[in-house]
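Enquirer: got a structure for you, letters missing:
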């Protein structure tokens with residue numbers, strides 16, 4: 001089967017989702033929640049998903065994404081896509097990838113290590129693929145925030161299409177804020193003002 005026609009499948013039972021968690025859910029500060037939704041949903045760099053999207057170029061990134069001075073280099077300090085914790089796959093191997101990254105069904109035991117598995121996704125680079133799934137999780141309410149054992153706010157996210165999982169993500173809220181600060185290097189959406197009193 002050709003790669004472009006390959007269909008990825010990983011079905012789950014709704015009551016066994018990673019979003020079913022017995023830990024108390026954290027209520028985010030209103031300003032932080034506003035900023036996350038504004039950047040990742042409304043003013044997303046994923047141009048085809050919002051009428052009010054802002055492209056990477058409009059966010060101030062005129063260099064190629066993967067150039068020596070480009071955005072990828074700046075993001076390495078926040079999220080290193082070459083780490084084994086961050087998996088992008090176009091193969092029909094989501095079950096294996098979820099197993100090796102401890103992202104199987106039910107409540108996740110490890111919520112200290114940031115990690116994700118991203119299935120086949122439209123996008124010109126891995127950053128835009130990740131941002132598209134974060135956007136979908138926020139837009140469809142498929143996330144929860146819990147504290148881990150070292151008191152960090154962790155976002156647990158699952159993107160799916162009718163019980164077929166397309167991405168699972170465990171990421172610190174601080175990492176999401178770091179992505180915003182780095183990508184929006186010109187403060188286009190006003191994140192400095194939103195975060196100044198926090």
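Expert: Looks like it came in fine. In this text the structure is predicted, and so the values were computed from the model without any measurement. Numbering: from 1, shown residues only.
Enquirer: what are the buried residues along the helix or strand of the chain with the lowest mean pLDDT?
Expert: Ranked by mean pLDDT, DSSP states H and E, the weakest helix or strand in the chain is helix 71-75, scoring a mean of 89. Using 16 or more other CB atoms under 10 Å as the burial criterion, the residues of helix 71-75 that qualify are 71, 72, 75. Any C-beta I mention is one placed from the backbone N, CA and C, and that applies to glycine too.
Enquirer: strand partners of whatever helix or strand comes next after it, parallel vs antiparallel please.
Expert: As assigned by DSSP states H and E, the chain's next helix or strand after helix 71-75 is strand 86-88. With DSSP bridges as the test, strand 86-88 is paired with strand 115-118 (parallel).
Enquirer: how many residues are close by residue 117?
Expert: Residues within reach of residue 117, counting by other CB atoms under 10 Å, total 25.
Enquirer: quick check: it touching residue 95?
Expert: No - if you go by CB atoms under 8 Å, residue 117 and residue 95 don't touch, sitting 10.1 Å apart.
Enquirer: which residues of this protein score low on pLDDT?
Expert: The chain contains residues with pLDDT under 70 at 1-7, 68.
Enquirer: spell out the residue ranges of the strands in it.
Expert: For the chain, applying DSSP state E gives strands covering 86-88, 115-118, 143-147, 153-161, 164-172.
Enquirer: need these in a markdown table (columns: distance to residue 36).
Expert: Compiled in a markdown table, those are given as follows (distance: least, CB to CB, whole Å):
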| stretch | distance to residue 36 |
| --- | --- |
| strand 86-88 | 20 |
| strand 115-118 | 16 |
| strand 143-147 | 10 |
| strand 153-161 | 9 |
| strand 164-172 | 11 |
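Enquirer: which among the ones you listed is found nearest to residue 99?
Expert: Each of these has some distance to residue 99 by CB to CB; the shortest is strand 115-118, at 9.8 Å.
Enquirer: buried ones in that closest one, by neighbour count?
Expert: Applying 16+ other CB under 10 Å to strand 115-118 flags 115, 116, 117, 118 as buried.
Enquirer: helices along this protein, start to end?
Expert: 30-37, 71-75, 94-100, 126-139, 173-183, 191-195 (DSSP state H).
Enquirer: tabulate the ones you listed in JSON lines, adding columns for distance to residue 45.
Expert: JSON lines is the format used below for those (distance: least, CB to CB, whole Å):
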{"stretch": "helix 30-37", "distance to residue 45": "14"}
{"stretch": "helix 71-75", "distance to residue 45": "10"}
{"stretch": "helix 94-100", "distance to residue 45": "25"}
{"stretch": "helix 126-139", "distance to residue 45": "6"}
{"stretch": "helix 173-183", "distance to residue 45": "6"}
{"stretch": "helix 191-195", "distance to residue 45": "14"}
